[in-house]
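Engineer: Next comes the sequence, and after it the predicted model I'd like to discuss.
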Amino acid sequence: MPAPIRLRELIRTIRTARTQAEEREMIQKECAAIRSSFREEDNTYRCRNVAKLLYMHMLGYPAHFGQLECLKLIASQKFTDKRIGYLGAMLLLDERQDVHLLMTNCIKNDLNHSTQYVQGLALCTLGCMGSSEMCRDLAGEVEKLLKTSNSYLRKKAALCAVHVIRKVPELMEMFLPATKNLLSEKNHGVLHTSVVLLTEMCERSPDMLLHFRKLVPQLVRILKNLIMSGYSPEHDVSGISDPFLQVRILRLLRILGRSDDDSSEAMNDILAQVATNTETSKNVGNAILYETVLTIMDIKSESGLRVLAINILGRFLLNNDKNIRYVALTSLLKTVQTDHNAVQRHRSTIVDCLKDLDVSIKRRAMELSFALVNGNNIRGMMKELLYFLDSCDPEFKADCASGVFLAAEKYAPSKRWHIDTIMRVLTTAGSYVRDDSVPNLIQLITNSVEMHAYTVQRLYKALLDDISQQPLVQVSSWCIGEYGDLLVSGQCEEEEPIQVTEDEVLDVLEGLLVSNLSTPVTRGYSLTAIMKLSTRFSSVNRIKKVVSIYGSSIDVELQQRAVEYNALFKKYDHMRSALLERMPIMEKTASNGPTEIVQTNGETEPSVPDTKLPPLITQPANQANDLLDLLGGNDVVPVIQTTLPTKPASAGGELLDLLGDLSLSGGPAPAPSVPISQPPFLLDGLSSQPLFNDISAAIPPMTAYNKNGLKIEFTFERANPNPNIAVITIHATNTTEADMTEFVFQAAVPKTFQLQLLSPSSNIVPALNQGSVTQVIRVLNPQKVRDVPVCPHLPHILIQFPDLFVLSEKFSAEGSYRVQLYIE
Amino acid sequence: MHFLLLFSRQGKLRLQKWFTPVPEREKKKIVRDMTTMVLGRKPRSCNFLHWKDLKIVYKKYASLYFCCGLDAEENELLALEVLHRYVELLDKYFGNVCELDIIFNFEKAYFILDEFLLGGEVQETSKQVLSRSIEASDMLQEVCFGRSCLLSVLSIIFSVVL
């Protein structure tokens, strides 16, 4: 058998291949030759063959048949063989194959070899790819080598120990005695690897951390020597002495000083020294400064030092080097929570970074800018952020838009500004905004009553320009549907009113219906808007025609709407004006509440996440009374006539938001909204046994509440003219010895229901059952909605009333309680 | 450090060092991702990227890209120094190193790397000490080789004589 070709020869040959197929052919031929050579157990050329195999492996070809050969090479006595053998093992074997365990014995022998380079090879291999079993077997050898005086081996053993600890954390204690005088080494290699080992141990075990805290003075001394010592040619990098060691020591100091005042204090001086003396012209110096800043921010440093750190980051921001700017932005992002004011000082530089060409820097700058927005700088910041939104890459637009919305919601200085900002986002990045921004904006618009004319005018103009951005189109059509009359009558005060005729408006809306750019959802919006205009415009015939056309639309959603609207024209024309009336002011709960779309009367309103109620008209909202927040107090202007079927106001199946449109028409204003000084009306006395299961029309009276001396009873009857209305009379009696003054009973219902709370007989419940307070509640369920969503987050007790009631109780976090009535 | 990769402008892999156990398929995927991401960067961008939960640091030296994957706590600026130090070592060893040197002597590139990094951490911070140990290892290889050559020559002579 002729000698196998040399490695370099093979490489040269393969590189001459012009096509992938040619290369593959060459490699297959050579692989065959190598395989037969392996079969012949040829010792002389095994090394060469394995080397060739490794080259082919790097090109991406399979080489697993060489694994055993690597093991044979490792077992050989020749250094060349061992070198290639260990390299092959590191490249071809990993802990997933059982073959690697065969190495253990060889490595063990080599760890005790007479030649340090062989020992080095073994340590290196173990430290790179040793599995847990191997580590367990060989940890003792490694520990022995950790104590040797040979610095070449000691440094390798230290890193090997790091690997062993990573793989088998239980073995950490074993290495503890060997670490005793590691730091007193002069050799930088050993010092460096020792610091790495100590870092690993401290990160993994709090006990070790406590144990090694005493090393802080020694570490400080070593660091000081590094900085103060003169030029050392061996370790110098651009004028700095051993930056690798400096950074590692700083990192270890960070871990040791993290939550310990004494250690942090011991480090203060050296950190200040490093921070001020390090040369910053090259990357090396900045690497050290970066690590110093991270350490200062993490330990319990004094405020002067922290300011110094932030200023260093500020200087980094002005550096020409992109990497440094990037690193500064990342670090500032980490510290903006804790040192907000200090970071604010660098706001203008950060905002400038938004204009950087580098994608990574832009992203960090954007995140940091949003973190820095507050009530004072909102106008300026928003201008910059909107400009950024205009010009940035699509990958940023979604995040930026969400951030702008959040910031605007939190800090908007005025309603008009808020609406303008949102409009700007919708027009520039409309297709990237999240889905819930449409209902958010609609709700914002509804609540800014004075801005309706201005808003609808601006939206109309935007629609004329561009109908491709769906969120914008949806909001616009909704607004035109609601406020079309304001648009046509030209009532806008904020800006120059435009002259628009009813036909022009209807043209635009119909255009949306037929346009290819409109999604089905958008079409739904525009059809509904057209329908609403039938009560606001005079050209009803045109609208009737449009609606009837879509009665045979292929889109089921559109068809359903059109058919129902047609029915509205034909059979329920008397109801149309009431149904299509202006929307009331919507409430908001926390914006992270679940929302859902409730379809009622064919009009789909997007669900609206709610926030705090707009301030009460007559009284300032009283924070102590949570229920008041929900209900809006008893002084809310009645918004729905009680006898009509409900307009589907804003939906929201969430339990918390059950107020719906509380109508309190009629009667003198009930008790003023004051905090209840007595225990709030608790209903936890209620058991959860369901009451009877028979479906009789009469519901027996129930004790809704009986605790702390207060007893509330409900009696039920159906109202005569309209059996869908349930009349509940509550009787409140007091068995304690003191009168209960300022008694207020409140109730909340889901939005689809109607609630009418008539005035109570009194708001003082006399003591000792001498009298009672009565109050009448009328509840209407126009649709007999059976399905009531239940909020999973809060505990509640459900009481089943056949056919009529589901009583649910919620306990809020603040400890006040609410009674909620559901009607089935 | 989790891994260190060297690849050319065309995406051909010249060196791969893995410091954590990764399945073969996963390795190939990572290499593909790295080459795509790094080669797709604009010329004057910063040298840092984010990929999954790792920080990727890369630097271009002539026609070769040096790319490494770091944990979140590691210092990216120092990683640039580590890459630079490795290039300096290669340069000292090969004398004005270029990509061809690394292609034809890949095993030597690995040996140098194994003297510089162990388990993803720097083992020696002095260039001189490193160069000396590499030279010594090479010498050992020569001696070994020489010895076996001598043995085979001697055996031939003896067989001829006898």
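Structural biologist: Happy to help now that I have it.

Engineer: Would you mind measuring from A:Tyr483 to A:Asp465?
Structural biologist: Distance from A:Tyr483 to A:Asp465, counting by C-beta to C-beta, to the nearest Å: 19 Å. C-beta coordinates here come from the backbone N, C-alpha and C atoms, glycine included.

Engineer: cool, A:Arg458 as well?
Structural biologist: In terms of C-beta to C-beta, A:Arg458 sits 11 Å off from A:Asp465.

Engineer: just A:Ile543 next, same as before
Structural biologist: Counting by C-beta to C-beta - A:Ile543 and A:Asp465 are separated by 25 Å.

Engineer: So between those two, which is more surrounded?
Structural biologist: A:Ile543 (22 against 9; other C-beta atoms under 10 Å in any protein chain shown).

Engineer: residue contacts, the closest residue to the more buried one other than its chain neighbours?
Structural biologist: Closest residue to A:Ile543 apart from its sequence neighbours, by C-beta to C-beta, 6 or more residues apart in numbering or on different chains: A:Ser534 at 4.5 Å. Listed by C-beta atoms under 8 Å, 6 or more residues apart in numbering or on different chains, the contact partners of A:Ser534 are A:540, A:543-544, A:569, A:576, A:580.

Engineer: Kindly report the same for A:Tyr117.
Structural biologist: A:79, B:133, B:136-137, B:140.

Engineer: what about 10 Å?
Structural biologist: Contact analysis of A:Tyr117 by C-beta atoms under 10 Å, 6 or more residues apart in numbering or on different chains lists A:79, A:82-83, A:152-153, B:115, B:133-134, B:136-141.

Engineer: Quick check: of the residues you listed, which lies closest to A:Ile445?
Structural biologist: Of all the contacts of A:Tyr117, A:Ile445 sits closest to B:Glu115, with 68.8 Å by C-beta to C-beta.

Engineer: The host helix or strand of the closest one - what's its average pLDDT?
Structural biologist: Following DSSP states H and E, one finds B:Glu115 within helix B:106-116. Looking at helix B:106-116 alone, the average pLDDT works out to 95.

Engineer: Next secondary structure after it?
Structural biologist: strand B:117-118.

Engineer: burial of residue 94, as a residue count?
Structural biologist: This is for chain A. 20.

Engineer: Can you look at chain B instead?
Structural biologist: 17.

Engineer: list the contacts for it?
Structural biologist: So B:Phe94 contacts B:100-102, B:104-105, B:108-109, B:112 (C-beta under 10 Å, 6+ apart).

Engineer: Please identify the helix or strand for B:Lys59.
Structural biologist: Going by DSSP H and E, B:Lys59 is part of strand B:54-61.

Engineer: Restricting to C-alpha, output the next helix or strand after that strand in CSV.
Structural biologist: Scanning forward in sequence from strand B:54-61 by DSSP H and E, the next helix or strand is strand B:64-70. Provided in CSV are the C-alpha atoms of strand B:64-70 (Å, rounded to 0.1, in the frame of the first residue of the first chain):
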residue,chain,number,x,y,z
LEU,B,64,-11.2,36.4,7.8
TYR,B,65,-14.0,37.0,10.3
PHE,B,66,-13.3,36.1,13.9
CYS,B,67,-16.6,35.5,15.8
CYS,B,68,-17.2,34.5,19.4
GLY,B,69,-20.3,34.0,21.5
LEU,B,70,-20.3,35.3,25.1
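
Engineer: Give me the helices and strands touching strand B:64-70, please.
Structural biologist: With contacts defined as 3 or more C-beta pairs under 10 Å, 6 or more residues apart in numbering or on different chains; DSSP states H and E, the packing partners of strand B:64-70 are strand B:3-8, strand B:13-18, helix B:24-39, strand B:48-51, strand B:54-61, helix B:76-94, helix B:99-104.

Engineer: Kindly recompute the last result at 6 Å.
Structural biologist: The contact analysis (3 or more C-beta pairs under 6 Å, 6 or more residues apart in numbering or on different chains; DSSP states H and E) places strand B:64-70 against strand B:3-8, helix B:24-39, strand B:54-61.

Engineer: Specify the angle between the lowest-mean-pLDDT helix or strand in chain B and helix B:76-94 in degrees.
Structural biologist: Lowest on mean pLDDT, DSSP states H and E among the helices and strands of chain B sits helix B:127-161, with a mean of 80. On the basis of axes from the mean of the first three to the mean of the last three C-alpha atoms, to 10 degrees, helix B:127-161 is oriented at 40 degrees to helix B:76-94.

Engineer: does any bit of helix B:127-161 sit next to chain A?
Structural biologist: Yes - judged by C-beta under 6 Å from any C-beta of the partner chain, helix B:127-161 and chain A are in contact via B:128, B:137, B:140-141, B:144.

Engineer: residues of the host helix or strand of A:Lys461 that come out buried?
Structural biologist: Using DSSP H and E, A:Lys461 falls within helix A:452-465. For helix A:452-465, the neighbour count (16 or more other C-beta atoms under 10 Å in any protein chain shown) marks A:452-460, A:462-463 as buried.

Engineer: And the average pLDDT for it is what?
Structural biologist: 84.

Engineer: Contacts for that helix, please.
Structural biologist: Contacts of helix A:452-465 with the rest of the structure, by C-beta atoms under 6 Å, 6 or more residues apart in numbering or on different chains, involve A:419, A:427, A:445, A:476, A:479, A:483, A:486-487, A:491-492, A:494, A:508.

Engineer: Most neighbours out of those, which is it?
Structural biologist: Counting neighbours by other C-beta under 10 Å, A:Ser476 leads the contacts of helix A:452-465 with 30 neighbours.

Engineer: contacting residues around that residue?
Structural biologist: A:459, A:463.

Engineer: now the angle from the host helix or strand of it to helix A:452-465?
Structural biologist: Using DSSP H and E, A:Ser476 maps to helix A:470-489. Interaxial angle of helix A:470-489 relative to helix A:452-465 (the same axes, to 10 degrees): 120 degrees.

Engineer: mind listing what's buried in whichever helix or strand comes after helix A:470-489?
Structural biologist: Heading C-terminal from helix A:470-489, the first helix or strand you meet, by DSSP H and E, is helix A:502-514. Under the neighbour-count criterion of 16+ other C-beta under 10 Å, helix A:502-514 has A:502, A:505-506, A:508-510, A:512-513 buried.

Engineer: Likewise for stretch A:311-331?
Structural biologist: A:312-317, A:322-331.

Engineer: neighbouring strands for the strand holding B:Lys59, and are they parallel or not?
Structural biologist: strand B:48-51 (antiparallel), strand B:64-70 (antiparallel) (DSSP bridges).

Engineer: Tabulate these (CSV), appending mean pLDDT and mean neighbour count.
Structural biologist: Shown next, in CSV, are the strands paired with strand B:54-61 (pLDDT from 0 to 100; neighbours: other C-beta atoms under 10 Å in any protein chain shown):
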stretch, mean pLDDT, mean neighbour count
strand B:48-51, 90, 18
strand B:64-70, 96, 23
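
Engineer: With distance to A:Leu146 as extra columns, can I get the ones you listed in JSON lines?
Structural biologist: Shown next, in JSON lines, are these (distance: least, C-beta to C-beta, whole Å):
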{"stretch": "strand B:48-51", "distance to A:Leu146": "35"}
{"stretch": "strand B:64-70", "distance to A:Leu146": "26"}
